[in-house]
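> Let's see this in three dimensions:
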Amino acid sequence: MNVTIDCDVVDTPRDVNVLDFLSSRARELTHLVQELRTRRSGSQRVVQAALPRHLRRRAASHDPRRVPRRLRAAVEDEMRRMRVKQPARKKKRQSAVHKNESTLSSRCVSAKPRRLETHLWHRRRFHMIAEYDRVVPLRPTHRGLRAGYRLASREMLLFDLSFLTWLEIQGPAQVLQMKMASIGVQGPCSSWKRVLLHCPDGSALAPADYLWHPNGGQLWLWLHPAAEADVCPVLTELFHLPEASVVFRPLALNRFHLVGPHAARVCANALGVQPVDGMMALQMADLRLQATMQAESDLWHDDIRSSGSSVPLLLVSSSAPPAASWELLVPRGHATAMWNTLVKGGARAGGVEDLSALAEESGVALFPLEYPDCPAFPCFVADHARTQQREWLRRPPAKRANFERLGIAAPFDLPWQRLALEWGQQGTLAVLRGADACDRLEAAGAESASWLVPVQLVGRVTGHAIICLPCQTDDIQQAPTEPPALLESTEDAALVHSCERAVMGFVTVGRFLWSRGRNGGRGFVCGRALLEATRLGCRGADANWRLLVRNRDSLHYQWAVVSLWNPAP
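Next up, the predicted model:
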C-alpha cells in the first residue's frame, strides 16, 4: 500500500544579516543589558549580597564596619532605612493605659478627658480610668480593697474628689435660701451636709454635697458628673432672676476628703493647727509652713482666690456618711503641693473603688447604680450593661453562662420599669425612702405598686441576682433548685415569670461585708410583690422576710433574710 504525504517545503536561508537581526532584537538586548547592570549594582537586593562569598560575614548585618570600605556607606544607608526601633519596655507597659485613656466610654463628653492636678502622682501608683470626661484614680496597684477598708476604719484614707462637678450659686440671702429649700437644700449651716436633690414637683434628681457661706448669700454644690446635665438646667430655671447667678466651674477648686480616726491628726501635722468642728478658714504663705487662722476664707472670693500671694484654705468637718470626715478645699494650682504635704504627714491615698467599698459597708447608696428613680440611672445602666455583655462575649460559649437555659431574662441590665409594669404598676417609678418606709408601705396597700422598696439581704449573693417569691411547697430547711429551661430570647421574655418562682426584684450589690463579718447584699423589690410575700406568710416575728435568691449564673436558690433598707444619700 502506497501512502503519499504532501508537506510544505521551507527553504533555510544560507546566511544571516547581522544588522537586520540585531535591529529586530534591540528591545531584548536593551532589557538584558539593564538586567546585568541591575544585578551588578545590587539595587534590588541587599548590598552585602553583592560581595563575593568569601567576604560575606553574618555579623556584618548589624555591624557595617565588617563590610569593605567601598560598600560601607551604602550598607549604612540601607540599615538606616530598614532599621525599626523597638519601643522601650516602659512604653510597652504604658500603651494599654494610654489606650484606655484615649478610648472613652459613651458617658464621656469630649474627645480628651480632663485630668486632676494630682494626676501624675496617682498615675505612678494607681490604676486610672477615664469616664465622665475625667481621668480618675480607680484603685491602688499595691493594695486591695480590704486593706483600704482597714486603713479607713483604723487609721485614715485620703481621696481626691476634685473630679466632682462644682457649682457656685450667689444671690440675696432670703431668695437663695427660699429657692434652694424648694429642691431639698436646707438653710445656712457651718458644716458639710449631704442631701438628695429633687425637682420642684418632687421627683428625685441626684445626691449632692453643699456648703453655705456664713452670710447665707453664697452656696457651693458638689455633684456627681453623671448628674451634671440633669441638675444644671433645673438650677438655671430656678434662678432666672437678674440678682441671682449660677456659675459652673469645672476643676476650679480642689477638694480633698479625709476619712478615718486619724484624719484630724494628719491635718494637724500637715497644716500646723489643731482642727475643730465646723468651718476653719486658713491662710498659708507656703504650703510647707504652718497655717494661720482667719476670720473669713479668701476662697469665697473668686478674684482673691486665684490671684492672692498666699494660699487660702478651707477645712470643714463633715458628718455626712459613710463616716465622720474632714473636707479640705484648695485653690487651683496648689493641689499637688498640698497633696504631697498631706502624704508626708501620714495620709494614705485611696481610689474610687475604695470609696465605693466604704459606702457599701456603711449603707450609703451608690450613685447612679442605686438611684433608679433619678434621670442619670438609665444612661448609666445601659452603658454598664454593654460593658458586661462585651466581657461575657469574650469568653467561648462553653466557658460562659447560658442565661437562656438558666432562665435569666435580664442578665446585664436592671429593668425596674419593666418589672414594675409586669407587677401592675401604673404611674411614675419612685423609691420608698425614709425610716417609716414599712408603715407607709402597709398604709398604701395596693397603691404601693408604684414604689420600689430598698431592701438588704443576708446571704451569699452577687450583683444582678434575682429575688423571688417562694412557693407554698418550698421547704425552709432545704433550698429548691430551678429546673433547666430555655427562653426564646432574654430580651423578649417576661421578667416576673421567667422562672418557676415569681421575680420580685434584683440585687444591686452583693459581697462579703467586713464590718459585719458575713456575706450580704442590697437591692430593690416591687412594693406589690413585698405585700404579696407578707400575705403568703413569708414575714416572720422579727419583721423580716424569708425570700429566695438565685445568682444569675446558678440554678440553685438560697434562703435569704430580707429587711427594709433606708439608704443614706
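
> And for the spatially closest residue to Ala485 that is not a sequence neighbour, the neighbour number?
What sits nearest to Ala485 in space, not counting adjacent residues and going by C-beta to C-beta, 6 or more residues apart in numbering, is Gly407, at 4.5 Å. For glycine as for every other residue, the C-beta is placed from the backbone atoms N, C-alpha and C. Under the neighbour criterion other C-beta atoms under 10 Å, Gly407 is assigned a count of 24.

> same thing with the one 4 residues further on?
Burial of Pro411 is recorded as 18 neighbouring residues (other C-beta under 10 Å).

> I'd say it and Phe403 touch.
Yes: checked against C-beta atoms under 8 Å, the pair Pro411 and Phe403 is within contact range at 4.2 Å.

> sorry, back to before: could you measure from the residue nearest to Ala485 over to Glu422?
15 Å (C-beta to C-beta, to the nearest Å).

> mind checking which helix or strand Ala281 is in?
strand 279-284 (DSSP states H and E).

> who's in contact with Gly187?
Gln177, Ala181, Trp212, Gly216 (C-beta atoms under 8 Å, 6 or more residues apart in numbering).

> With His224 instead?
Each residue near His224 by C-beta under 8 Å, 6+ apart is listed here: Leu164, Thr165, Ala206, Pro207, Phe367, Pro368, Ala376.

> On the three-state scheme, the fourth one is what?
What DSSP: H, G, I helix; E, B strand; the rest coil gives for Pro207 is strand.

> My guess is it contacts Val364. True?
No: counting by C-beta under 8 Å, Pro207 does not reach Val364; the two are 9.1 Å apart.

> what do those two both touch?
Pro569.

> So these two - more neighbours on which side?
Neighbour count, other C-beta under 10 Å: between Pro207 and Val364, Pro207 has more, with 25 against 21.

> Contact partners for the nearest residue to the more buried one once chain neighbours are set aside?
By the measure of C-beta to C-beta, 6+ apart, the closest residue to Pro207 outside its immediate chain neighbours is Pro569, 4.1 Å from it. Contact analysis of Pro569 by C-beta under 8 Å, 6+ apart lists Arg194, Val195, Leu196, Pro207, Val364, Ala365.

> go on, Ala502?
Per C-beta under 8 Å, 6+ apart, neighbours of Ala502: Cys468, Leu469, Val496, Ala529.

> mind checking how far it is from Leu530?
12 Å.

> from the middle of its chain, how far away would stretch 288-308 be?
34 Å (C-alpha atoms, centre = their mean, to the nearest Å).

> could you pull out the helices for the stretch 301-450 of the chain?
Along the stretch 301-450 of the chain, counting by DSSP state H, counting those that start in this stretch, helices occupy 302-307, 335-344, 352-362, 377-394, 403-406, 416-422, 437-444.

> My error: substitute the stretch 1-150 of the chain in the last question.
18-24, 26-41, 69-82, 89-102, 119-123, 145-154.

> Looking at these, spot the one closest to Gln294.
When those are compared by C-beta to C-beta, helix 119-123 sits nearest Gln294, at 28.0 Å.

> which parts of that closest one are buried?
The neighbour-count check on helix 119-123 (16 or more other C-beta atoms under 10 Å) flags His119, Trp121, His122, Arg123 as buried.

> One more: stretch 342-357?
Those would be 342-343, 345, 347-357, for stretch 342-357 by 16+ other C-beta under 10 Å.

> and what of stretch 303-320?
Of the residues in stretch 303-320, Arg305, Val311, Pro312, Leu313, Leu314, Leu315, Val316, Ser317, Ser318, Ala320 count as buried by neighbour count, 16+ other C-beta under 10 Å.

> which of those residues lies closest to Val259?
Ser318 (8.8 Å).

> ok, the closest one to Trp451 distance?
From Ser318 to Trp451 the distance is 31 Å (C-beta to C-beta).

> for Ser515, same thing?
In terms of C-beta to C-beta, Ser515 sits 28 Å off from Trp451.

> Mind checking which of these two has more residues around it?
Trp451 (26 against 13).

> where does the nearest residue to that one once chain neighbours are set aside land on pLDDT?
Nearest non-adjacent residue to Trp451, counting by C-beta to C-beta, 6+ apart: Gly527, 4.0 Å away. For Gly527, the pLDDT comes out at 89.

> returning to that earlier point: can you add pLDDT and give the buried residues of stretch 303-320 back as TSV?
Shown next, in TSV, are the buried residues of stretch 303-320 (pLDDT from 0 to 100):
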residue	pLDDT
Arg305	74
Val311	89
Pro312	91
Leu313	93
Leu314	94
Leu315	94
Val316	93
Ser317	90
Ser318	84
Ala320	69
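
> The residue nearest the centre of the chain pairs with what?
Closest residue to the average C-alpha location of the chain: Glu131 at 5.6 Å, with C-alpha atoms, centre = their mean. For Glu131, the beta-bridge partners are Arg134 (DSSP bridges).

> Look up how far Gly333 lies from it.
With C-beta to C-beta as the criterion, Glu131 and Gly333 are 25 Å apart.

> likewise Arg516?
Arg516 is 43 Å from Gly333, by C-beta to C-beta.

> Next up, the contacts around the residue nearest to Ala437 when sequence neighbours are not counted.
Among residues not flanking Ala437 along the chain, Leu564 sits closest, at 5.4 Å (C-beta to C-beta, 6+ apart). By C-beta under 8 Å, 6+ apart, Leu564 lies in contact with Ala437, Cys438, Val453, Pro454, Val455, Gln456.

> How is Asp475 assigned, secondary-structure-wise?
Asp475 is classified as coil under three-state DSSP.

> And for Glu237?
Under three-state DSSP, Glu237 comes out as helix.

> Counting neighbours, what do you get for it?
By other C-beta under 10 Å, 11 other residues sit near Glu237.

> Next one, pLDDT for it please.
87.

> show me what contacts it?
If you count contacts by C-beta under 8 Å, 6+ apart, Glu237 has none.

> Can you name the residues that contact Arg440?
Taking C-beta under 8 Å, 6+ apart as the test, what Arg440 contacts is Leu432, Gly434.

> ok, now how distant is it from Val455?
Distance from Arg440 to Val455, by C-beta to C-beta: 15 Å.

> same check, this time on Gly523
Noted for Gly523: a distance of 6 Å to Val455, by C-beta to C-beta.

> returning to that earlier point: just the buried members of the contacts of Gly187?
Using 16+ other C-beta under 10 Å, the buried ones in the contacts of Gly187 are Gln177, Trp212.

> For Arg72, state which of the contacts of Gly187 is nearest.
Of these, the one sitting nearest to Arg72 (C-beta to C-beta) turns out to be Trp212, at 78.9 Å.

> wouldn't that closest one be in contact with Leu219 here?
Yes: in this structure Trp212 lies within contact range of Leu219 using C-beta under 8 Å: 5.7 Å.

> Locate the nearest residue to Gly434 once chain neighbours are set aside within the secondary structure: which element?
Once flanking residues are discounted, Gly434 sits nearest to Asn566: 6.5 Å by C-beta to C-beta, 6+ apart. For Asn566, there is no enclosing helix or strand under DSSP H and E.

> For Asn566, the count of nearby residues, please.
As a measure of burial, Asn566 has 15 neighbours, counting by other C-beta under 10 Å.
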